[in-house]
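**Q** give me a model of this one.
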Amino acid sequence: MLIRIRILILGSVLLPIAAFHCGCGPNSDGSKLRELEKIQTEIPVFPLLIETKTDTVSKGRIAVLSKIYKCDAPYDDVKKYYIDQLSERGWQYVGEREIRDWGTDLGGSTFSFRNGEYRLSITYAGSNANYGWDYAIETVWGR
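**A** Here you go, the predicted structure:
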């Protein structure tokens, strides 16, 4: 009896983990990642942002598209631009929060939006950060 209970407990823990990491799920064919790519092409890019890198994650139950930018524009200008642009396109503003690097305030912030099953966040590294990038735009499905 004890062995059956252990198997049930172990199965209830491992099965969801395996399902999350396997190739099964609504994005197993990469369709959600393609939707994220389409979403990012439909959103105008702040005029002074220079894209330096793109990263993606695509698994059965998660898709992430991140774009990294260099730009000297003030955070408030970039934030206002995206609040205006995204609101016009049906995105709901969720909020803003400060970000820290191992507890150190480098002046960074991130603000987020939601549109149906998708989330979008724009992160400012901060005026005192030296990461090689200034802004990141990430669209996410799942998680």
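**Q** make it CA atoms for all contacts and neighbour counts henceforth
**A** Fine.
**Q** test of understanding: give the bridge partners of the residue most central in space within the chain.
**A** The residue lying closest to the centre of the chain (C-alpha atoms, centre = their mean) is residue 138, at 3.6 Å. As for beta bridges, residue 138 partners with residue 66, residue 121 under DSSP bridges.
**Q** that one against residue 69, yeah?
**A** No - using C-alpha atoms under 8 Å, residue 138 is not in contact with residue 69; the gap is 11.3 Å.
**Q** parallel or antiparallel, list what pairs with the helix or strand hosting residue 111.
**A** Residue 111 belongs to strand 109-115 when assigned by DSSP states H and E. Using DSSP bridges, the strands paired with strand 109-115 are strand 92-98 (antiparallel), strand 118-124 (antiparallel).
**Q** dump the ones you listed into TSV; add mean pLDDT, mean neighbour count and distance to residue 54 as well.
**A** Below are the strands paired with strand 109-115 laid out as TSV (pLDDT from 0 to 100; neighbours: other C-alpha atoms under 10 Å; distance: least, C-alpha to C-alpha, whole Å):
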stretch	mean pLDDT	mean neighbour count	distance to residue 54
strand 92-98	95	14	23
strand 118-124	96	22	14
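**Q** between these, which one is nearest to residue 132?
**A** Nearest to residue 132 among the strands paired with strand 109-115 is strand 118-124 (11.9 Å), distances taken as C-alpha to C-alpha.
**Q** neighbouring contacts of that closest one?
**A** 75, 108-114, 134-142 (C-alpha atoms under 8 Å, 6 or more residues apart in numbering).
**Q** what segments of this protein are helices?
**A** Ranges of helices in the chain, per DSSP state H, are 2-21, 31-42, 75-88.
**Q** could you tell me the least trusted of the ones you listed?
**A** Mean pLDDT per stretch puts helix 2-21 lowest among the helices of the chain, at a mean of 48.
**Q** quick check: residue 85 touching residue 46?
**A** No - using C-alpha under 8 Å as the test, residue 85 is too far from residue 46 to be in contact (9.5 Å).
**Q** C-alpha coordinates for stretch 118-136, CSV please?
**A** Taking Å, rounded to 0.1, in the frame of the first residue of the first chain, the C-alpha atoms of stretch 118-136 are listed here in CSV:
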residue,chain,number,x,y,z
TYR,A,118,-0.5,37.0,-24.7
ARG,A,119,1.7,39.1,-22.5
LEU,A,120,4.2,41.8,-23.6
SER,A,121,6.7,43.6,-21.4
ILE,A,122,9.2,46.3,-22.1
THR,A,123,12.2,46.5,-19.9
TYR,A,124,14.6,49.4,-19.4
ALA,A,125,18.0,48.2,-18.1
GLY,A,126,18.5,51.5,-16.2
SER,A,127,20.7,54.5,-16.5
ASN,A,128,23.4,52.9,-14.3
ALA,A,129,23.3,49.5,-16.0
ASN,A,130,26.1,48.3,-18.3
TYR,A,131,24.6,45.2,-19.9
GLY,A,132,25.3,46.1,-23.5
TRP,A,133,21.6,46.8,-24.1
ASP,A,134,19.1,49.5,-23.0
TYR,A,135,15.7,48.1,-23.8
ALA,A,136,14.2,44.7,-24.2
